[in-house]
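> Kindly return the folded structure for what I paste below:
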Amino acid sequence: MDPLDAVWHFGNLFLPAWGVAALMALALKLIWRETVAGMRWRTLAVWGGLGGTMGIAAALMLTGRDGTMAGYGLMLLGVTAAQWGVSYKR
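Here you go, the predicted model:
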């Protein structure tokens, strides 16, 4: 595997977490406008992406493979918990 393949490999490993985090941040801003009115969209997306990345990394360590339903469940749990924590402490 050359360096470019490695970049694509790791990018595609973590892309679902960041995509879901961005969509959930958008949904938060649209649905709960008053609750997260003072928060920036980027803040919600970054914290959700970091939580999802940690969920994918934990799933990879627990199951030893990528793409399992448990892994995607942990990713969603990480995104949701991170965005909830950031919006709750406000």
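
> Can you name the helix or strand that the residue nearest to residue 82 when sequence neighbours are not counted falls in?
Spatial nearest neighbour of residue 82, chain neighbours left out: residue 51 (2.9 Å); criterion: Cβ to Cβ, 6 or more residues apart in numbering. (Glycine included, C-beta is placed from N, CA and C.) Assigned by DSSP states H and E, residue 51 belongs to helix 41-63.

> which helices and strands does whichever helix or strand comes after that helix pack with?
Next helix or strand after helix 41-63 toward the C-terminus (DSSP H and E): helix 69-88. Helices and strands touching helix 69-88, by 3 or more Cβ pairs under 8 Å, 6 or more residues apart in numbering; DSSP states H and E, are helix 3-31, helix 41-63.

> now the angle between helix 41-63 and helix 69-88, please.
Following axes from the mean of the first three to the mean of the last three Cα atoms, to 10 degrees, one obtains 150 degrees for the angle between helix 69-88 and helix 41-63.
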